[in-house]
Structures are given as structure tokens and as C-alpha cells.
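1. this one's structure only:
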């Protein structure tokens, strides 16, 4: 370490970055897909909440609140599935071959995938103890208040 010159330090840094890149390379496609899916789900919930504010439907609305919340969770789940599929296709088409997909590519906006994603999202949300009415704002004038 006594003879550490800036050139040697730069070379060691580049080697460390290259090694780290090889270590995280298998994880990168899954992290990208999970991030895209999370962004898609959050966007869908934001659209549902905005629609609730525009239509003046809150979590206290007897029938429309839970119905709109269930539709929001389904829409968000379908959007998350499409975002994940889109990122998978983009990664598979990347010149470096970050992701190898088995079989033919699946089309975006396939009716069967959308329905499956929406139904599974609603079912999993309910199995995890979620309440559909809690997706919407507490009062239509307060965007930051949510029902418990």
C-alpha cells in the first residue's frame, strides 16, 4: 500500500466495479421488473384515488367506495403486470442479453393476461387482509386522509 499511485488506485477501482457488476448481473433483470411493477401498481392506485376525488367518492361512501377500491386494485394489478412484461421484453431485446426469455415473446395487452393479473391482484389483496374501501381518500377534499 506504500506504492499506491492514483493510476493503481484507479485500476483497482475499475476491477472492483467490474467484479461487482458481474456479481449483480443475474439480479438486475429481476430488480428492474420488480421496480417497473411497483411503479405500475402505484400509478394505478394514484389514478383510482384521483378518480375518487373527481367523482367525490370517499371510503365512507356505502357501495361506491368498496366497488371503486376493488376496481382500483384490479386496474393497478393489471397495470403492474403489463409494466413487468414490458420491462421483460425490453431486457430480452437488450444487445447485452441481460435476460434470456424461454419461448416466444408474449404480446402486450393480451386480454387473458389483463384479466388474470386483475383477478389475482384483487384476490391476493383481500387474502392479505386489505379492505377495498381503504384505497380511496377519507374525504374527497383531503387527499392525505385515508380510512383505516
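-> Perfect, thanks for sending it. From a predicted model like this one, the values you see are computed outputs, not experimental measurements.

2. max-length helix in this protein?
-> If you go by DSSP state H, the chain has its longest helix at helix 64-93.

3. pull out the buried positions in that helix.
-> 65-66, 68-85, 87-89, 91 (16 or more other Cβ atoms under 10 Å). Just so you know, the C-beta spots here come from the backbone N, C-alpha and C atoms, and that holds for glycine as well.

4. residue 58 should be in a strand, yeah?
-> No. If the criterion is DSSP: H, G, I helix; E, B strand; the rest coil, then residue 58 is coil and not within a strand.

5. distance of it from residue 127?
-> To residue 127, residue 58 is 25 Å away according to Cβ to Cβ, to the nearest Å.

6. likewise residue 93?
-> Distance from residue 93 to residue 127, by Cβ to Cβ: 35 Å.

7. check the offset of stretch 52-69 from the chain's centre.
-> Counting by Cα atoms, centre = their mean, to the nearest Å, stretch 52-69 is centred 24 Å from the centre of its parent chain.

8. start to end distance for it?
-> 9 Å (Cα to Cα, to the nearest Å).

9. swap in stretch 46-62?
-> Stretch 46-62 end-to-end distance (Cα to Cα) = 21 Å.

10. would you indicate which residues of that stretch are buried?
-> 48, 49, 52, 53, 57, 58, 59, 61.

11. just the strands in the chain please.
-> 137-139, 142-146 (DSSP state E).

12. thinking again about what came up before, return the distance of the longest helix of the chain from the chain's centre.
-> The answer for helix 64-93 is 8 Å, by Cα atoms, centre = their mean.

13. elements contacting that helix?
-> helix 28-54, helix 111-127 (3 or more Cβ pairs under 8 Å, 6 or more residues apart in numbering; DSSP states H and E).

14. in JSON lines, list these along with mean pLDDT.
-> As requested, the helices and strands packed on helix 64-93 are arranged in JSON lines below (pLDDT from 0 to 100):
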{"stretch": "helix 28-54", "mean pLDDT": "89"}
{"stretch": "helix 111-127", "mean pLDDT": "94"}
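
15. quick one, which of those is nearest to residue 138?
-> Closest of those to residue 138 is helix 28-54, at 10.4 Å (criterion: Cβ to Cβ).

16. pass me the low-pLDDT residue ranges in the protein, would you?
-> 1-2, 4, 9, 12, 14-25, 94-105, 139-148 (pLDDT under 70).
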